[in-house]
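Only the shape, not the letters, is given here:
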Ligand code: PLP
């Protein structure tokens, strides 16, 4: 008896994050806020433990005319002014490639569209070994396999593993579809240097002599880079792509605007030749119409209004939290390094990840919970969500964690 398609994997999602988030919540109710360290929540929280909702963003949204909120979007690919503003905000003036934009429901929509439409069932998607869990789920739902590249060689990007993974996949299929989540990689907080990006592009150009290449650059956390607008300069490296490479940048308003629930983002399509963009866009537009039809009009209008009329306030408000994130990560890393608590190379972003094998991880994760410290297990590590951890809770945490680690 099958009520769903035969080819789909029917195993329920094991949502490890929400189970632990819930356990942390219950512990806080039982033992009190002060007794619990909740480093599970992957959204930005302030020092008082409240979700950050930037005032410029939500004042803008609430000031929109009801009819703007009520309306359908102007097209299946998004409102023209939204698309223009996304292009300007994301790329600044760092690209001379042909570009088009498709509005999507968050970064998820942009990533999902690439997995749905750029690979056939049975082909392979290339993702990082330590990664946001949805990539593998999207592949599974499309009967696409995954190959994972090892992320680090010491404290640098593991270019050799990246190359070997691509070369293996090229033996089996006519194209490469690769995800690089950068800058502020989830969950390690790594960001590639400009040289590392140049090396990646140089290699993909070689691959493109025999295979079509789609490079999906997931930039969900880019607006929290400690380098701020300089973090967008690496897009210039994409100007070097060959004709047989298409870059899709997955942009999300969820983090950039602290508007996770509004479900708005975009896929920016970049290529040397207009024909390449046209092909991808034609198919993505149909995919959009067939799945979500069109995007939240109010969210798009809000983004345009913030960019046009509230940019200074928005940047000021966000800068405060970027600075706070830096203070939290500096404190955690300083203490972790002092006590020798091993972590993956962190540069910037919402999470720091402690490095260990999966067996030790499982035991450590439980031992931490026994001491009311809640974290999230990731492949080969323990994710510490400094984005939601106050400075007060961060202080002394690495030392406590190391002491607990020493007991197991
Ligand atoms: N990419 C990464 C790495 C993420 O961590 C997330 C959200 O957690 C997303 C993309 C997509 O988020 P959204 O669909 O809310 O834009």
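Nice, I can see it. The structure presented is a predicted model; accordingly, all values stated were derived computationally and were not measured.

switch to C-alpha atoms for all contacts and neighbour counts from now on
Fine.

Residue 377: what secondary structure?
What DSSP: H, G, I helix; E, B strand; the rest coil gives for residue 377 is strand.

For it, give its distance to the ligand.
From residue 377 over to the ligand the distance is 14 Å, taken as CA to the nearest ligand atom, to the nearest Å.

Setting aside sequence neighbours, what's the nearest residue to that residue?
Closest residue in space to residue 377, ignoring its immediate chain neighbours: residue 383 at 6.1 Å, by CA to CA, 6 or more residues apart in numbering.

show me what contacts the one you found?
Going by CA atoms under 8 Å, 6 or more residues apart in numbering, residue 383 touches 40, 187-188, 351-354, 375-377.

May I see the PyMOL selection of the buried members of these?
Selection command for PyMOL covering only the buried members of the contacts of residue 383, criterion 16 or more other CA atoms under 10 Å:
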select buried, resi 40+187+188+351+352+353+354+375+376+377
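
Let me know the closest of the contacts of residue 383 to the ligand.
Closest approach between these and the ligand, by CA to the nearest ligand atom: residue 187, at 7.7 Å.

burial measure for residue 98, as a count.
Residues near residue 98, counting by other CA atoms under 10 Å, number 16.

Assess the claim that it and residue 275 are in contact.
No - assessed by CA atoms under 8 Å, residue 98 is found out of contact with residue 275, at 9.5 Å.

near the ligand, which residues of the stretch 51-200 of the chain?
106-108, 132, 186 (CA under 6 Å from any ligand atom).

mind listing which of the residues you listed are in helices?
Among these, the members found in helices (DSSP state H) are 106-108.

Let's have the residues you listed in CSV, adding distance to residue 253 and neighbour count.
Formatted as CSV, those follow (distance: CA to CA, whole Å; neighbours: other CA atoms under 10 Å):
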residue, distance to residue 253, neighbour count
106, 6, 25
107, 8, 25
108, 11, 22
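
so can I have CSV of the residues you listed showing distance to residue 58 and pLDDT?
As requested, those are arranged in CSV below (distance: CA to CA, whole Å; pLDDT from 0 to 100):
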residue, distance to residue 58, pLDDT
106, 17, 98
107, 20, 98
108, 22, 98
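
which one of those residues is nearest residue 225?
Closest to residue 225 out of those is residue 107 (17.0 Å), distances taken as CA to CA.

what's the neighbour count on the nearest residue in space to that closest one that is not next to it in sequence?
Spatial nearest neighbour of residue 107, excluding adjacent residues (CA to CA, 6+ apart): residue 252 at 4.5 Å. The local packing of residue 252 (other CA under 10 Å) involves 31 other residues.

Flag every buried residue along stretch 221-240.
So for stretch 221-240, counting by 16+ other CA under 10 Å, buried means 221-226, 231-232, 234-240.

and if you look at stretch 279-286?
280-281, 284-285.

List the contacts of stretch 13-20.
40, 374-377.

In it, which of the residues would be classed as buried?
Buried-residue list, stretch 13-20, by 16+ other CA under 10 Å: 17, 20.

Okay, the residue nearest to residue 377 and the ligand: tell me how far apart.
12 Å.

May I have the beta-bridge partners of that residue?
residue 353, residue 376 (DSSP bridges).

ok, then the element right after whichever strand or helix holds residue 177?
Using DSSP states H and E, residue 177 sits in strand 175-181. Per DSSP H and E, strand 175-181 leads on to helix 194-207 as the next helix or strand towards the C-terminus.

And that following helix, what's buried?
So, applying 16+ other CA under 10 Å, buried residues of helix 194-207: 196-198, 200-205, 207.

Of the residues you listed, just say which sits nearest to residue 115.
residue 204 (18.5 Å).

and that closest one, what does it touch?
So residue 204 contacts 213, 241, 245 (CA under 8 Å, 6+ apart).

How about the secondary structure of residue 2?
coil.

Also residue 8?
Strictly by three-state DSSP, residue 8 counts as coil.

Just name the shakiest helix or strand of this structure by mean pLDDT.
None of the helices or strands of the chain scores lower by mean pLDDT, DSSP states H and E than helix 16-31, at a mean of 89.

which residues does the residue nearest the centre of the chain contact?
The chain has residue 220 as the residue nearest its centroid, 3.9 Å off, counting by CA atoms, centre = their mean. Each residue near residue 220 by CA under 8 Å, 6+ apart is listed here: 107, 181, 250-252, 254-256.

Would you format the contacts of residue 204 as JSON lines with secondary structure and neighbour count included?
Shown next, in JSON lines, are the contacts of residue 204 (DSSP: H, G, I helix; E, B strand; the rest coil; neighbours: other CA atoms under 10 Å):
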{"residue": "213", "secondary structure": "strand", "neighbour count": "24"}
{"residue": "241", "secondary structure": "coil", "neighbour count": "23"}
{"residue": "245", "secondary structure": "strand", "neighbour count": "27"}
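
and which of those residues is nearest to the ligand?
Using CA to the nearest ligand atom, the contacts of residue 204 come closest to the ligand at residue 213, 20.2 Å.
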